[in-house]
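> Need a 3D model of the following:
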Amino acid sequence: MNKTYGADLALLINGSWKIGEGRDSFAVIDPASGDAIGAVPLASAADLDEALAAAELGFAKWRATPAEARGALLRKAAALLRERTEQIARLLTLEQGKPIAEARGEVAGSAQLFDWCAEEATRIYGRTLVRPTGQRSMVNRQPVGPVAIFTPWNFPVYLLAKKLAAALATGCSVIAKPPEETPGCTGALVRCLTDAGLPDGVVQLVHGVPDTVSRHLIASPVIRKVSFTGSVPVGRHLMRLAADGLKRVTMELGGHAPVLVFGDCDLEKTLDMVVPQKFRNAGQVCVSPTRFFVQEGIYDRFIEGFAARTRGVTTGHGLDSGSAMGPLANVRRPGAIEALVDDAAAKGARVMAGGRRGTSGFFFEPTLLADVPDTADIMNNEPFGPVAVAASFADLDDALGKANRLPYGLAAFAFTENLRTANILGDAIEAGMVGINTFAISSADAPFGGVKDSGFGSEGGIEGMDSYLVTKAIHMA
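Sure, this is the predicted structure:
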């Protein structure tokens, strides 16, 4: 075990932090070395029942808390996040692997989410309908109730904060089940809320076997909404579980983002943008640019420039300031990426850079594949790793056909200096978010979500808060 890890790994139930005490545990691994650095306790069935009871009582008192007070607490939690940035970022890098600079940015973005939702807590407006004298009809927005939230390991702090901030601002209580791979940084985030004065029972933090925990929580009548970020198959599974209780669901599922690069773009500027973005967090980003479709006239120059820049991406432990890319998050990922690369090469793709797994830890080289056919597995299944795949297109219709071919529709990107082309792309690309000459598509005040197999519902913006609210009409005569 790494004695410098230092995280107090525990469950939080009804205001009480619970450690081992005979519970089963899950080993926490440093993905850069493959070594165990700690162990997190897993919730028992009794723990989950206690968490459900606490969430029900916590909801009763939190929904009655004035919006101004809820907002003030979220702002205090944001301030604590900023004060503790180095501690939380270090935990995040040790557990997940991303470079420390990216980890700091994730913590900063999480604080911004709390601040933004704190302000919106006071703007949950209803309306009064026009009625004859002596009659009143009002429309109110009220919190949906206790919420079960499930978050992944690629942005463990930010994605947990995104769900917590909206749920708490609207008056909901929460049972949060973050990933077992990253318990220290997620626990540190929740500690900012408790240290800010969050009442007991408003947030519970549990770890456990994902299917066991999700089945137990979603089956309970206490839970009124489920929010999940993760893979398409798991999203479908959770929706089936939620259907039995007619529970509201928000699903932010997988993507396989296309990038359309037109011949009129500023090629060097575009390359300088797309390569760092592709290898951010080792490509383990649901909106990572992955399928690069490049207009025929600039295709060869694009591939050459992309390959040269890819070879210059330095990999190493995330705590090393010289590392531009860290390892993949767990032992399963290098083998999965290697299989996709080998399949593409066997089907005619050219390996222009990288293509090999590391000799220690869970590393895989930054990789570019050119001339990738539609029949390659990696053209049809999200790699969720540091691999860019490229092919050419002839014209706008061809580009749109390639972009919209798959059942995914989370994010898409395009680079062009032609306004008419940009307008058409914004309308015609089938995705919940489209970035044109930018990758900045995720912010606290904007909705984040997909279409088709990439899920439904939004997180972020006022749209993200709507899903935690129910609408009630009150008529008086």
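
> Now do the helices in the stretch 1-150 of the chain.
45-63, 67-83, 85-96, 100-120 (DSSP state H, counting those that start in this stretch).

> Determine how far the last one lies from the middle of the whole chain.
On the basis of C-alpha atoms, centre = their mean, to the nearest Å, helix 100-120 is displaced by 13 Å from the centre of the chain it belongs to.

> Residue numbering should commence at 18 henceforth.
All right, first residue 18 from here; so that's helix 117-137.

> what's the offset of stretch 250-269 from the middle of its chain?
17 Å.

> Tell me where the stretch 168-317 of the chain is predicted with low confidence.
Low-confidence segments of the stretch 168-317 of the chain (pLDDT under 70): none present.

> any chance you could map the helices in it?
With helices called from DSSP H, counting those that start in this stretch, the stretch 168-317 of the chain shows them at 173-187, 200-212, 227-236, 249-261, 284-295, 316-328.

> Any chance you could list what contacts the third one?
Judged by C-beta atoms under 8 Å, 6 or more residues apart in numbering, the contacts made with helix 227-236 from elsewhere in the structure are 60, 62, 65, 68-69, 165, 167, 192, 194, 223-224, 240, 243, 251, 254-255, 258-259, 261-262, 264. In this view, the C-beta of every residue, glycine as well, is placed from N, C-alpha and C.

> can you rerun that using 10 Å?
Residues outside helix 227-236 that contact it (C-beta atoms under 10 Å, 6 or more residues apart in numbering) are 59-62, 64-66, 68-69, 72, 163-167, 192, 194, 196-197, 221, 223-226, 240, 243, 245, 247, 251, 254-262, 264, 266.

> that older thread, for residue 52, find the nearest of the helices of the stretch 18-167 of the chain.
Of all those, helix 102-113 sits nearest to residue 52, with 10.5 Å by C-beta to C-beta.

> Off-centre distance for that closest one?
Between the centre of helix 102-113 and the centre of its chain there are 17 Å (C-alpha atoms, centre = their mean).

> same deal with stretch 241-254?
So, by C-alpha atoms, centre = their mean, the centroid of stretch 241-254 is 12 Å from its chain's centroid.

> where's the nearest residue to residue 126 once chain neighbours are set aside relative to residue 50, distance?
Once flanking residues are discounted, residue 126 sits nearest to residue 175: 5.3 Å by C-beta to C-beta, 6 or more residues apart in numbering. Residue 175 sits 24 Å away from residue 50, going by C-beta to C-beta, to the nearest Å.

> and what of residue 308?
32 Å.

> between those two, which one's more packed in?
residue 308 (25 against 16; other C-beta atoms under 10 Å).

> wouldn't that one be in contact with residue 419 here?
Yes. Residue 308 is within contact range of residue 419, at 7.6 Å (criterion: C-beta atoms under 10 Å).

> okay, and the common contacts of those two?
275, 277, 396, 408.

> in the sheet, who's paired with the first one?
Counting by DSSP bridges, residue 275 forms beta bridges with residue 308.

> need the contact list for it.
So residue 275 contacts 306-310, 416-417, 419-423, 425, 428-431, 446-448 (C-beta under 10 Å, 6+ apart).

> ok, now with 8 Å
307-310, 419-420, 429-430, 446.

> Now list the buried members of the contacts of helix 227-236.
59-61, 64-65, 68-69, 72, 163-167, 192, 194, 196-197, 221, 223-225, 240, 243, 245, 247, 251, 254-256, 258-259, 264, 266 (16 or more other C-beta atoms under 10 Å).

> Following the record's annotation, map out the domains of this structure.
28-270+471-493, 274-460 (automatic domain parsing).

> so what's residue 279 closest to, chain neighbours aside?
residue 433 (4.0 Å).

> just residue 240 next, same as before
residue 165 is the one closest to residue 240 (C-beta to C-beta, 6+ apart), at 4.8 Å.

> ok, the residue nearest to residue 279 touching residue 441?
No. Counting by C-beta atoms under 8 Å, residue 441 is not a contact partner of residue 433; they are 9.8 Å apart.

> Would you mind telling me which of the two has the busier surroundings?
Shown here are residue 433 and residue 441; by other C-beta under 10 Å, residue 433 has more neighbours (23 against 16).

> how about residue 345, what does it touch?
48, 114, 299, 301, 351, 354, 379-381, 402-403.

> residues touching residue 309, list them.
For residue 309, the contact set (C-beta under 8 Å, 6+ apart) comprises 275-276, 278, 291, 319, 323, 405-408.

> Name the member of the residues you listed with the most neighbours.
residue 405 leads these on contacts (other C-beta under 10 Å) with 30 neighbours.

> For the stretch 368-494 of the chain, which segments are assigned as helices?
Under DSSP H, counting those that start in this stretch, the stretch 368-494 of the chain gives helices at 413-420, 436-445, 478-483.

> what distance separates the second one from the centre of its chain?
Using C-alpha atoms, centre = their mean, we find the averaged C-alpha position of helix 436-445 to lie 27 Å away from the chain's own average C-alpha position.

> Give me the nearest residue to residue 62, chain neighbours excluded.
Per C-beta to C-beta, 6+ apart, closest to residue 62 is residue 233, 6.5 Å.

> same question, residue 99
Using C-beta to C-beta, 6+ apart, the closest residue to residue 99 is residue 128 (5.1 Å).

> what about that neighbour, how many neighbours?
Neighbours around residue 128, by other C-beta under 10 Å: 26.

> Also the one 10 residues further on?
Using other C-beta under 10 Å, the number of residues around residue 138 comes to 25.

> check contacts around it.
Counting by C-beta under 8 Å, 6+ apart, residue 138 makes contact with 84-85, 87-88, 91, 186-187.

> closest to residue 32 out of the helices of the stretch 168-317 of the chain?
That would be helix 200-212 among the helices of the stretch 168-317 of the chain, by C-beta to C-beta, at 7.3 Å.

> returning to that earlier point: closest one to residue 463 among the helices of the stretch 168-317 of the chain?
Nearest of the helices of the stretch 168-317 of the chain to residue 463, taken as C-beta to C-beta: helix 173-187 at 11.7 Å.

> Pull out the CA atoms of that closest one and give them to me as CSV.
Once non-C-alpha atoms are left out, helix 173-187 reads as follows in CSV (Å, rounded to 0.1, in the frame of the first residue of the first chain):
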residue,chain,number,x,y,z
PRO,A,173,-15.0,11.1,-11.0
VAL,A,174,-15.0,14.5,-9.2
TYR,A,175,-16.6,16.6,-11.9
LEU,A,176,-19.4,14.2,-12.9
LEU,A,177,-20.3,13.6,-9.2
ALA,A,178,-20.3,17.4,-8.6
LYS,A,179,-22.5,18.0,-11.7
LYS,A,180,-25.2,15.7,-10.3
LEU,A,181,-24.8,16.7,-6.7
ALA,A,182,-25.0,20.4,-7.4
ALA,A,183,-28.2,20.2,-9.4
ALA,A,184,-29.9,17.8,-7.0
LEU,A,185,-29.0,19.7,-3.9
ALA,A,186,-29.9,23.1,-5.3
THR,A,187,-33.4,21.9,-6.2
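
> Counting by contacts, list what it packs against.
Helix 173-187 is packed against helix 84-100, helix 102-113, helix 117-137, strand 164-167, strand 191-194, helix 200-212, strand 242-246, helix 478-483, with contacts defined by 3 or more C-beta pairs under 8 Å, 6 or more residues apart in numbering; DSSP states H and E.

> Now do the first one: which elements does it pack against?
Same thing as helix 84-100. helix 117-137, helix 173-187, helix 200-212.

> Which of these sits closest to residue 344?
helix 117-137 (12.9 Å).
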